[in-house]
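Asker: Mind looking at a prediction? Sequence and model below.
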Amino acid sequence: MAKKRDVKKIRNIGIIAHIDAGKTTVTERILYYTGKIYKMGEVHEGTATMDWMPQEQERGITITSAVTNFEWNGISVNLIDTPGHVDFTIEVDRSLRVLDGAVVVFCAVGGVEPQSETVWHQADKYKVPRIAFVNKMDRIGANFDDVILQMVEKLGTKPLVLQIPYFEGDKFYGVIDLLKERLIFWKEESLGAELEEREIPDTFLDVFEKKRENMLEILADYDEGIAEKYLEGEDIDYKELLQVIRRGTISLEFTPVFCGSALKNKGIQPLLDGIINFLPSPLDLPPVKGYDVETGEEIYRKPIEKESFSALLFKVMMLEGRKHSFIRIYSGSVSVGDVVYNSTKRVREKISRIFMLHSNKRIRVESASAGEIVAIMGLKSGTTGDTICTEDAPILFEKIDTYIPVISKAIEPKRNSDLDKLQEVLKKFEEEDPSFMSKVDEESGQTIISGMGELHLEIIAERIRREFNLPVNLGNPQVIYRESISSEAEGEAIFDKKIGDKNHYARVKVKVVPLSRGEGYRYNLDSIYGKVDESLFEAIKSGVIESSYGGPIMGHPLTDILVEVLEIEVKRELSSEIAFKAATMQAIHEALKKADPILLEPIMKLNIVVPEEFLGNVVGDINSRKGKVIHIQSKGVVSIVDAEVPLSNLFGYSTDLRSISQGRGNFNMLFSHFEKKE
C-alpha cells in the first residue's frame, strides 16, 4: 500500500537537454545521492539506470522517457529523464505536457545547442517553470559566462545566476554559492557524496561581489521588498531570498542557474536543493483546465483528493508484452478495481493494477492520488492524450500535440509466415508512439513504416527483432511528400446510380482555396449546416475529411488547403449517405485537378559543427544537395553552419560528413517545413 503523500511535498519534474549535454548522467547522480541506487552507472559504459533498453545501452543515448521517484529533504520527486535526440522529440513533448517543472541541462562547452532551443520552446509552450544546470565545467573549453550570454540571446530568458564555477589553475574544483556566500567543495574520496563549505578565497572576492550584485539587481526589479532593502544597503535574509526566487521562477520571470560536472560528481546536491526550493508543487500552479464533454465549456480541477478523479494518459508502453498506460493524476484518487471513464473514447474500463515506477522496474500499489505519476494496467482502448476520469463528473483535457512523420521505409518479415504477426506488432508500436505510423501500400502490397528519422525507424526494427523475436528487413528510406494547390478552383459532381434495387442521388459543388504554408487542411461547411439531416451532413463531412488522405498527383496527403462546400442538391427519398460522401469526394478531386496541384517536400534544418579548415567542403556539399546556408558562426577553432536542405538529398549524410571532415564534423537535423518541390 502506497503511503499518502502531501501534495505540497510533491515535485513533478523533467530533465531536458540537447543530446550529449549529460542529462542522463545528471539523473544517475541524483538517484545515487538520494539513496535510490547504490552504485552509479555510466552512459558510456551502458550501465545508466534510466537507459534500460538494450538499444539505449548500446548507443549511449536516451530513446524513451523513463520515470522514477525519489525523496530529498522530505519532498517526494517524480522525475522523467527525456531523450535529447531530435528523432524522439515527441517523448519530450508528452513529458512536458504533464510536468510542473524542468531542469534544463546545458553543456559548458557546446552552450545552447539546436535541440536545447527546441526543448526550451517546448517548455515555453506548456509554461513549465525551469531551472538550468550548466554541466561539464571540467571540460577543456568550458565557458560558463558564454552559456549565460547564449541563454539570453538564443532563448530570450533572464538567467538568474546563483552559482559561479571555482577553478584552481585549469582544474574545476567547486562552486561559489551567491546565496550562501560560501565556496562549496566536493570530497572526491566520497564520490561527491560529501561536500564542504569554506570561506570564499580573496582571489575570487571581486568576481563574487559583482555576480551577487547582478543577482540582487534582478531580484530587486522583481520584488519591492528586496528592492527597498537593496537600495538602503540592508542585509537581506537568506530565507527571504529563497521565497522571492521561488515566486519568480514559478511565474517564469527568470531562470535560476546552477553549475557543476555530473561526471566528476560535483554540483548535484545544490541542484537538488534548487529543485525543492524553486520548482512548484502541484498546489503552486493554477487548477488544470479542461472542457465539459457535452457543451465544450471550460471547467477546472484542483490537485486535491476531494475533487473527482481526473488524469491524462501521456504515454503508452509495452513492458514484458503487456500494455502499460502512464498517467498524471490531476485531481482525486484512483484504486485498483475502480471502473474509470475514458472521456476521449467514451468508454468505461477497469483498473487492474497500479504501479509506482523506477525506470523499467515497477512497484505495485493499491491506489494513487492527485499530483502523482503512475503506470496503470487495464486500459485496453487508451492511447496517448486520452483523458481518464469518473463517468459521473466527466472532463476532457487538451490532447497532446502529435508530430508528422517525415520519412518512410519498407519493412518485411524474413519469413512469409510472420506477415500477420508483423502487422499485429506494428499496431502495438503505433499505440505506443504517436509519431510512428504503418500502412500497407495498396499498389505494391509492401508494408510501409513512417517516423521522424532514419534512427527512429532503425530502433523500431531492432525492437521488433529483440522484443518479439521477429526477424525483419528494412528497405531503402522514402520521403513522405505532401500535396497542395497553387490556385482556387471549383468542382462539381453528381452521383446518380442504382445500388442493389435502390437508386441513390446527390449533387455537390465545392471550392478549393490555397492556404499559407503550415496552415494544414481545413474545411468550411457553413453553407449547408442545418439545411440537411444530420446523417447526410456527417456523410459530406466524412467525404471532405477522407479526401485529405490522398492528392491528385501521387496520392500523398493534402495540406495547406481550404475546402468549402458551396451547394448541394437533395432529392427526396433518393439522397443517401453513400451518394453524398461519394459525390463530395469526387467534386473535391475535380476541383483539385483544376487548381494547379503541386508537390511539397520536407525541408530539414541542419546545424553542423566542423573544424574551420573543412568549412569550404561542408558549404560546397550543402549547395550540391540544393540546400541553403542560413548562417555561419565562427566559434574558436570550429565553425557552426545553419542550413536548410531537402530531406530527399540527405540520406547517408552522416557518412558523407565524416568523409569530407576526416571524421571531425558532427550535425543535428530537425524538420523545418514543407516547400514546393522543384
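Answerer: Looks like it arrived, so ask away. Only a predicted model underlies this, so the values are computations on that prediction, with no experimental measurement involved.
Asker: all helices of the stretch 301-450 of the chain, in order?
Answerer: Using DSSP state H, counting those that start in this stretch, the helices found in the stretch 301-450 of the chain span residues 419-432.
Asker: pLDDT below threshold where in it?
Answerer: 320-321, 359-360, 401-404, 406, 442-444 (pLDDT under 70).
Asker: ok, 80 please
Answerer: 318-322, 357-362, 400-408, 432-435, 441-446 (pLDDT under 80).
Asker: What of the stretch 501-650 of the chain?
Answerer: Using pLDDT under 80, the stretch 501-650 of the chain drops low at 572, 635-638.
Asker: Let me see the ranges of the strands in the stretch 351-500 of the chain.
Answerer: 353-358, 361-365, 367-369, 373-377, 387-389, 407-413, 437-440, 447-451, 472-479, 482-485, 489-499 (DSSP state E, counting those that start in this stretch).
Asker: I'd like to know which elements the third one is packed against.
Answerer: Counting contacts by 3 or more CB pairs under 8 Å, 6 or more residues apart in numbering; DSSP states H and E, the secondary-structure elements packed against strand 367-369 are strand 333-335, strand 353-358. Just so you know, the C-beta spots here come from the backbone N, C-alpha and C atoms, and that holds for glycine as well.
Asker: picking up where we left off before, ranking the strands of the stretch 351-500 of the chain by burial, who's on top?
Answerer: strand 387-389 (a mean of 26; mean count of other CB atoms under 10 Å).
Asker: Tell me the helices and strands packed up against that strand.
Answerer: By 3+ CB pairs under 8 Å, 6+ apart, strand 387-389 packs against strand 310-319, strand 339-342.
Asker: Out of those strands, which gets nearest to Leu562?
Answerer: strand 310-319 (31.6 Å; CB to CB).
Asker: Can you name every helix or strand that that closest one contacts?
Answerer: helix 89-96, strand 322-331, strand 387-389, helix 419-432.
Asker: try it again with 7 Å
Answerer: The contact analysis (3 or more CB pairs under 7 Å, 6 or more residues apart in numbering; DSSP states H and E) places strand 310-319 against strand 322-331, strand 387-389, helix 419-432.
Asker: Can you verify my assumption that Thr249 contacts Phe278?
Answerer: Yes - the pair Thr249 / Phe278 is scored as a contact, 4.4 Å apart, by CB atoms under 7 Å.
Asker: Find the residues that touch each one of the two.
Answerer: Counting by CB atoms under 7 Å, 6 or more residues apart in numbering, the residues touching both Thr249 and Phe278 are 131, 256.
Asker: Can you tell me which of the helices and strands packed on strand 387-389 is packed in deepest?
Answerer: strand 310-319 (a mean of 23).
Asker: Indicate each strand paired with it and its parallel or antiparallel sense.
Answerer: strand 322-331 (antiparallel), strand 387-389 (antiparallel) (DSSP bridges).
Asker: tilt between it and strand 373-377?
Answerer: Calculated by axes from the mean of the first three to the mean of the last three CA atoms, to 10 degrees, strand 310-319 forms an angle of 60 degrees with strand 373-377.
Asker: what about the helices and strands packed on strand 387-389, which gets the closest to Lys239?
Answerer: If we rank those by CB to CB, the stretch that ends up nearest is strand 310-319, at 35.1 Å.
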